[in-house]
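Trainee: Predicted model and sequence follow; I will ask about them next.
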Amino acid sequence: MVMRFNFALVFCRVLLRTVPQVFLSTWQYHNNWESWWNLVPLGVNLAVFVLSDCSTFLTAEGVYGEFACRLSADEYDEAHFKERNEMMLSTRRYHHARLIFMALSAFVISSCLCLVLADWICQPFQLSDGTCTWRGQWNLAIVLVVCFMVFLIGLVGASMWYFLEPRPLWEPVPRGNNMKLYVDEDSTQYYWHIPSATHVTNIKDREQKFEHQGAHTSHHALLIVDNKLEKWGNPFKDNKLLRVQEPGQQNDVERFSNQRKAFLLEHGTKDDWFELALRFSKELTPYQWAKEVRKHPKRKMIKLCGFDGGHPVVSGFVSEATNELIEGADVVVWDGDWFCMQGWTGMIWTFLNAKKSSKAVAFQKRAEVPGFHRSYWELYRKFPNRIQVVVMKDAGYFLPPPIVRRHKWLEVEFKAERLEKPKDPDGDPGPYNKYLSVAMVGRIFQGDNTKVIAMNGGRINIALAAIETGKSPFKKIHWTVYEAWRANQDENEKTLVHYARKREHEEKGTEETTLKLVQQRH
């Protein structure tokens with residue numbers, strides 16, 4: 001509805017009202033260029049265009065950007081997936097149409113400004129034969145006018161690209177019943193809970209109410225539930241629900257004074273994970289993260305990956321990989337694996353500790369963000385405001401054509417048994433593996449030039465490495481794979497190291513590959 005209304009506004013108020021007014025006031029000045037007073041109507045119309053029309057247009061653009069990325073709690077209700085899909089298609093059509101009309105309006109108005117400039121230079125500029133009356137020639141005037149138009153269009157485009165901010169869809173007031181949002185991260189189910197109540201309510205089916213066994217940690221951030229409810233089909237995958245951050249709904253959290261800050265940084269514990277994340281981390285939409293990347297184009301990024309980061313790994317190359325990370329990056333990005341000091345995620349701690357100006361950015365599905373915060377609470381204390389989380393959708397991606405092409409290429413490789421297909425998650429109705437989809441969509445925002453350091457890895461990482469290196473038809477990105485193993489590694493499992501060894505053997509003697517393997521030489 002916002003895009004439809006703004007489309008009508010751009011078409012009627014800008015193209016059919018402001019543009020003709022600017023054109024008529026420009027023509028009036030062209031016919032009476034001797035009088036500066038004739039510039040007053042033009043100035044008024046330009047002020048209306050900039051301060052009213054452009055401001056409204058940019059606000060709607062910011063709302064669209066925020067709407068496209070912000071995730072409502074019940075977004076993943078499969079019953080409404082088709083309806084949301086049709087709504088987004090309609091929204092995009094109106095969004096693209098208004099961009100075209102606004103660009104046309106801006107072009108016509110910039111042309112009028114160029115005519116004013118030409119009149120000022122030539123006193124006046126003769127439109128009929130393109131001559132410059134005062135100078136007797138038109139070459140200089142034309143060159144200056146064209147340069148001014150190019151500069152003006154470039155300035156407007158760059159300003160919109162750089163300064164456009166996402167606009168909140170609303171500023172929600174605290175709920176009267178103090179209701180809080182919780183998530184079962186394993187089943188991707190969301191629940192409402194009122195702190196004074198003894199039950200939680202399924203957000204998709206308000207008739208389903210389940211008793212909980214008490215709130216744990218500060219701010220009721222963790223609820224214990226009974227995960228053996230056979231009557232209801234065991235709806236909870238484990239026995240805990242974690243609280244989700246919601247804009248405007250943190251009214252039960254203490255005011256952030258200097259004393260409270262000092263307490264959290266000096267004495268905060270795992271029980272304070274919710275407030276530590278709220279105060280010393282930041283959740284970003286992909287839209288906001290993309291804007292931050294544009295603001296810091298010279299910042300070097302490296303992606304870190306491997307086996308499940310929440311478990312220990314054994315490797316003789318941790319120091320070498322960490323040094324490469326420290327020397328080559330200002331920002332480390334990863335796919336939101338849980339923290340384990342003995343796992344490859346322990347390298348994030350070392351990286352932040354070694355480079356005081358560095359940052360770490362995790363890309364995580366929305367349902368797993370609270371669990372991520374609970375896992376990284378100690379790093380929030382140690383490195384406040386240096387860890388960010390880019391919140392991705394749980395499911396329901398509208399995959400862009402480049403991602404679909406990658407999926408189709410992988411399907412060919414799977415059928416030919418050149419790659420092993422990752423296991424499909426339970427209850428996933430999509431045509432493609434959702435974890436691969438999340439990883440590839442995240443890769444768009446992580447940057448197509450961001451090199452990868454992999455502490456080995458499983459089938460997902462093998463698929464991503466196959467896409468970004470070797471003989472794939474897609475853009476090549478440099479991967480460095482270090483030999484690393486889990487404590488109880490299955491000897492028959494094909495890992496990224498095995499894939500890299502095979503590739504190294506096949507490409508021996510050929511041009512330099514984008515996949516480098518670092519391993520023990522026997």
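Mentor: On my side now, so go ahead. Numbers count the residues shown, from 1 in each chain.

Trainee: just the helices in the stretch 101-250 of the chain please.
Mentor: 139-163 (DSSP state H, counting those that start in this stretch).

Trainee: Around S105, how many other residues sit close by?
Mentor: 23 (other Cβ atoms under 10 Å). Placement of C-beta: from N, CA and C, glycine included.

Trainee: Pretty sure L410 sits against M440.
Mentor: No. The criterion here is Cβ atoms under 8 Å, and L410 misses it with M440 at 9.6 Å.

Trainee: shared neighbours of the two, anything?
Mentor: Here L410 and M440 share the contacting residues I467, scored by Cβ atoms under 8 Å, 6 or more residues apart in numbering.

Trainee: gap between A321 and K423?
Mentor: In this view, A321 and K423 are 27 Å apart by Cβ to Cβ, to the nearest Å.

Trainee: again, but for H96
Mentor: On the measure of Cβ to Cβ, H96 and K423 end up 38 Å apart.

Trainee: now D226
Mentor: Applying Cβ to Cβ to D226 and K423 gives a distance of 29 Å.

Trainee: where in the stretch 301-450 of the chain is pLDDT low?
Mentor: For the stretch 301-450 of the chain, the stretches flagged by pLDDT under 70 are 395-398, 425-430.

Trainee: Just the CA atoms of stretch 203-223, as CSV, please.
Mentor: Provided in CSV are the C-alpha atoms of stretch 203-223 (Å, rounded to 0.1, in the frame of the first residue of the first chain):
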residue,chain,number,x,y,z
ILE,A,203,2.1,-17.3,17.7
LYS,A,204,0.7,-19.1,14.7
ASP,A,205,-2.1,-20.8,16.6
ARG,A,206,-3.3,-18.8,19.6
GLU,A,207,-5.4,-21.8,20.8
GLN,A,208,-2.2,-23.7,21.6
LYS,A,209,-1.1,-22.7,25.1
PHE,A,210,1.6,-24.6,27.0
GLU,A,211,2.6,-24.4,30.6
HIS,A,212,6.2,-23.4,31.4
GLN,A,213,8.2,-24.4,34.4
GLY,A,214,9.6,-21.0,35.3
ALA,A,215,11.7,-18.2,34.0
HIS,A,216,15.5,-18.3,34.3
THR,A,217,18.2,-15.7,33.9
SER,A,218,17.5,-11.9,34.2
HIS,A,219,14.7,-10.2,32.3
HIS,A,220,12.9,-13.6,31.9
ALA,A,221,15.3,-14.2,29.0
LEU,A,222,15.0,-18.0,29.2
LEU,A,223,11.9,-20.1,29.9
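
Trainee: If we go by neighbour counts, what in that stretch is buried?
Mentor: 203-204, 210, 212, 215, 217-223 (16 or more other Cβ atoms under 10 Å).

Trainee: now those in CSV, with distance to L419 and pLDDT?
Mentor: Shown next, in CSV, are those (distance: Cβ to Cβ, whole Å; pLDDT from 0 to 100):
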residue, distance to L419, pLDDT
I203, 38, 87
K204, 36, 82
F210, 42, 88
H212, 44, 87
A215, 46, 79
T217, 42, 80
S218, 46, 86
H219, 45, 86
H220, 45, 87
A221, 41, 91
L222, 39, 92
L223, 41, 91
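
Trainee: and A103, how many neighbours?
Mentor: The tally of other residues near A103 (other Cβ under 10 Å) stands at 13.

Trainee: can you tell me how far it sits from I403?
Mentor: A103 is 27 Å from I403, by Cβ to Cβ.

Trainee: now do G154
Mentor: Here the distance between G154 and I403 works out to 31 Å (Cβ to Cβ).

Trainee: More neighbours: the two, which one.
Mentor: I403 (18 against 10).

Trainee: Name the nearest residue to that one, sequence neighbours excluded.
Mentor: M440 (5.1 Å; Cβ to Cβ, 6 or more residues apart in numbering).

Trainee: Now do the SS call for that neighbour.
Mentor: helix (DSSP: H, G, I helix; E, B strand; the rest coil).

Trainee: which ones are touching it?
Mentor: 403, 406-407, 464, 467.

Trainee: closest to Q520 among these?
Mentor: L464 (24.2 Å; Cβ to Cβ).

Trainee: what about the nearest residue to that closest one once chain neighbours are set aside, neighbour count?
Mentor: Residue nearest to L464 in three dimensions, not counting chain neighbours: A439, with 6.0 Å by Cβ to Cβ, 6+ apart. A count of nearby residues for A439, using other Cβ under 10 Å, gives 21.
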